[in-house]
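Chemist: Sequence first, predicted coordinates after that:
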Amino acid sequence: MSTNPQMQAPVTPAPIFHAMNAFQLSKALSGALELDLFTVLAEGPTDAEQLALRCQASERGCRILCDFLTMHGLLTKEDSRWGLSPEAALFLNRKSPAYMGDTVNFLQAPEFMRYYDDIAGSVRKGGAVFNNDGTVGHADPIWVNFAHNMAPLMGGAAKDIAQLLGDGGGEPWKVLDIAAGHGLFGIEIANTNPQAQIVALDWAAVLEVAKDNATKAGVINRYQTIAGSAFDVDYGDGYDLVLLTNFLHHFDRSTCVGLMKKCFAALKTGGRVVTLEFIPNEDRVTPTSNANFAFIALVSTPGGDAYTFAELESMFAEAGFAASEMNELHHSAERLVISRR
């Protein structure tokens, strides 16, 4: 049966208009977090008058902001009262144990947003144009911000990884956590395996955040640190596990392979590298949550990328690893690659 051209949906500029104004949603979310709007609404559906009182804002402003967030699926609306979507209730209510609103302090920080100021320039160059090193320059203070604010976003993945690795049968694992940041990945392994010894590697100022988190988790007596660049410092040897969480996407292939070789040398025979990354499918456009990380790498790093599993597997093989396997996680769109020495 032929299709009647008159029945086809009209072509409109709506997708283009949406793209041009997409920044409005991220700014609206940031403003709502500053007003603690989601925490107020967590106590029950509320009208604009009550929201204005409790958020110390104007009634008109609350009405318009709430309607805007409702259009984008973050709030619900019945009559003239707004409530929370399931996602907002879990992740944006400050009293929720899964609260992740503070991540906006990193993702929208001026020192990070500046990398998006010249997209055409990044495309022409093939990497960050704000400076030659992007965000991976020596001891960039942006990573202290990251360590303070991004832990809630990684909590689910950290627990998934620790559960997948198990308790090691009580074996006294020696674990190297490269670019440890907030430290959650090593800390969760220490929580799961009471015999695990964690060695966290990062810039000195970042490690202060990780040590504080290890103290709060009660594992500081099994938590050591190495300050400096992962490419320059001596790791030592005899490790059972090396964690490479959200690190490889900052670098080009040859740099990644060089780092993998260094990890290989630090591992025991049979030891494993555990790599967490935004890994797209081979088409490089699905799933979008992972595939769009290539764009972030383009503007903020000299030569990083969102690598496919085939690319990561090839790199680890070149570095000497016997085999790599990919695992899906329950609480994160990111994927986990385990490579065995």
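Modeler: Structure received.
Chemist: Angles on the backbone of Asp117, please.
Modeler: Main-chain dihedrals, Asp117, degrees, to the nearest 10: phi -70, psi -20.
Chemist: pretty sure it is touching Phe130, no?
Modeler: Yes - contact criterion Cβ atoms under 8 Å: Asp117 and Phe130 qualify, at 7.3 Å. Bear in mind the C-beta positions are built from the backbone N, C-alpha and C, glycine included.
Chemist: Could you check which of those two has the larger neighbour count?
Modeler: Ranked by neighbour count (other Cβ atoms under 10 Å), Asp117 and Phe130 place Phe130 first, with 17 against 11.
Chemist: Assign the more buried one to helix, strand or coil.
Modeler: Using DSSP: H, G, I helix; E, B strand; the rest coil, the structure places Phe130 in coil.
Chemist: contacting residues around it?
Modeler: When contacts are counted by Cβ atoms under 8 Å, 6 or more residues apart in numbering, Phe130 touches Arg114, Tyr115, Asp117, Asp118.
Chemist: and Gly186, what does it touch?
Modeler: Contacts of Gly186 (Cβ under 8 Å, 6+ apart): Val175, Asp177, Ala180, Ile198, Ala200, Ala210, Ala214, Tyr223, Leu243.
Chemist: swap the cut-off to 6 Å and go again
Modeler: For Gly186, the contacting residues are Val175, Asp177, Ile198, Ala200, by Cβ atoms under 6 Å, 6 or more residues apart in numbering.
Chemist: Against Leu53, how distant is it?
Modeler: 45 Å (Cβ to Cβ, to the nearest Å).
Chemist: Using TSV, lay out the contacts of Phe130 together with pLDDT, secondary structure and distance to Glu43.
Modeler: Converted to TSV, the contacts of Phe130 look like this (pLDDT from 0 to 100; DSSP: H, G, I helix; E, B strand; the rest coil; distance: Cβ to Cβ, whole Å):
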residue	pLDDT	secondary structure	distance to Glu43
Arg114	91	helix	38
Tyr115	90	helix	38
Asp117	93	coil	40
Asp118	94	coil	44
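Chemist: From those, pick the one nearest Gly156.
Modeler: Taking Cβ to Cβ as the measure, Gly156 sits nearest to Tyr115 out of those, at 26.5 Å.
Chemist: Return the set of buried residues in stretch 104-119.
Modeler: Neighbour counts using 16 or more other Cβ atoms under 10 Å place Val104, Asn105, Phe106, Leu107, Phe112, Tyr115 of stretch 104-119 among the buried residues.
Chemist: Also stretch 230-245?
Modeler: Result for stretch 230-245 [16+ other Cβ under 10 Å]: buried residues Ala230, Tyr235, Tyr239, Asp240, Leu241, Val242, Leu243, Leu244, Thr245.
Chemist: Can you add secondary structure, pLDDT and distance to Gln163 and give those residues back as CSV?
Modeler: Putting these into CSV (DSSP: H, G, I helix; E, B strand; the rest coil; pLDDT from 0 to 100; distance: Cβ to Cβ, whole Å) gives the following:
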residue, secondary structure, pLDDT, distance to Gln163
Ala230, coil, 96, 26
Tyr235, coil, 97, 26
Tyr239, strand, 98, 21
Asp240, strand, 97, 17
Leu241, strand, 98, 14
Val242, strand, 98, 19
Leu243, strand, 98, 15
Leu244, strand, 98, 19
Thr245, strand, 96, 15
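Chemist: What is the most widely separated pair among those?
Modeler: Among the buried residues of stretch 230-245, Ala230 and Asp240 lie farthest apart (Cβ to Cβ), at 18.3 Å.
Chemist: The closest residue to Leu329 other than its chain neighbours: neighbour count?
Modeler: Counting by Cβ to Cβ, 6 or more residues apart in numbering, Asp160 is the residue found nearest to Leu329 once chain neighbours are left out, at 4.3 Å. Asp160: 20 surrounding residues under other Cβ under 10 Å.
Chemist: mind saving the C-alpha coords of the longest strand belonging to the chain as PDB?
Modeler: For the chain, the longest strand by residue count, based on DSSP state E, is strand 267-277. Provided in PDB are the C-alpha atoms of strand 267-277 (Å, rounded to 0.1, in the frame of the first residue of the first chain):
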ATOM      1  CA  LEU A 267      49.700  -6.400  38.600                       C
ATOM      2  CA  LYS A 268      50.300 -10.000  39.900                       C
ATOM      3  CA  THR A 269      50.000 -12.800  37.400                       C
ATOM      4  CA  GLY A 270      46.200 -13.200  37.000                       C
ATOM      5  CA  GLY A 271      45.500  -9.800  38.300                       C
ATOM      6  CA  ARG A 272      42.800  -7.600  36.800                       C
ATOM      7  CA  VAL A 273      42.300  -4.100  35.600                       C
ATOM      8  CA  VAL A 274      38.700  -2.900  36.200                       C
ATOM      9  CA  THR A 275      37.700  -0.200  33.700                       C
ATOM     10  CA  LEU A 276      34.600   1.900  34.000                       C
ATOM     11  CA  GLU A 277      33.700   4.000  31.000                       C
END
